[in-house]
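In: how would this look folded up:
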Amino acid sequence: MVAYETLEQILRAQLPALEHEPEVPKDLPLAAVGLDSVATVVLMDTLEDILGVTFPDHAIAPATFRTPGSLWAVLDRLANG
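Out: Numbering: from 1, shown residues only. As a prediction, this is how the structure comes out:
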């Protein structure tokens, strides 16, 4: 299982707009805090490296990276899959 706090730390490191937020809500639209297509690729690579998961083609979709909660759900499936 991937701890949500771990995902929060990674998101903060990748998205400077989150740096000073006390918490990252699971329903926060990531596009609203700077996640664009380039940042998505960097984030995906970072998550794969740190967490030791590989995103299958079907998980590389806008819905996966829409919110921290949607991303966390996919990561949980990948880590336990």
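In: Tell me who's in contact with P62.
Out: Neighbour list for P62: empty [criterion: CB atoms under 8 Å, 6 or more residues apart in numbering]. In short, each C-beta sits where N, CA and C put it, glycine included.
In: no, scratch that, I was asking about R12
Out: Counting by CB under 8 Å, 6+ apart, R12 touches L18, E19, E21, V24.
In: rerun at 7 Å
Out: Taking CB atoms under 7 Å, 6 or more residues apart in numbering, we find R12 in contact with L18, E19.
In: so where does it fall, helix or strand?
Out: Here R12, judged by DSSP states H and E, is contained in helix 4-14.
In: C-terminal to that helix, what's the next element?
Out: helix 37-51.
In: Could you name the helices and strands sitting against that next one?
Out: In terms of contacts (3 or more CB pairs under 7 Å, 6 or more residues apart in numbering; DSSP states H and E), helix 37-51 is packed against helix 4-14, helix 68-80.
In: Just tell me which of those ends up closest to T46.
Out: Closest of the helices and strands packed on helix 37-51 to T46 is helix 4-14, at 6.1 Å (criterion: CB to CB).
In: can you give me the angle that closest one makes with helix 37-51?
Out: Angle of helix 4-14 versus helix 37-51, following axes from the mean of the first three to the mean of the last three CA atoms, to 10 degrees, is 130 degrees.
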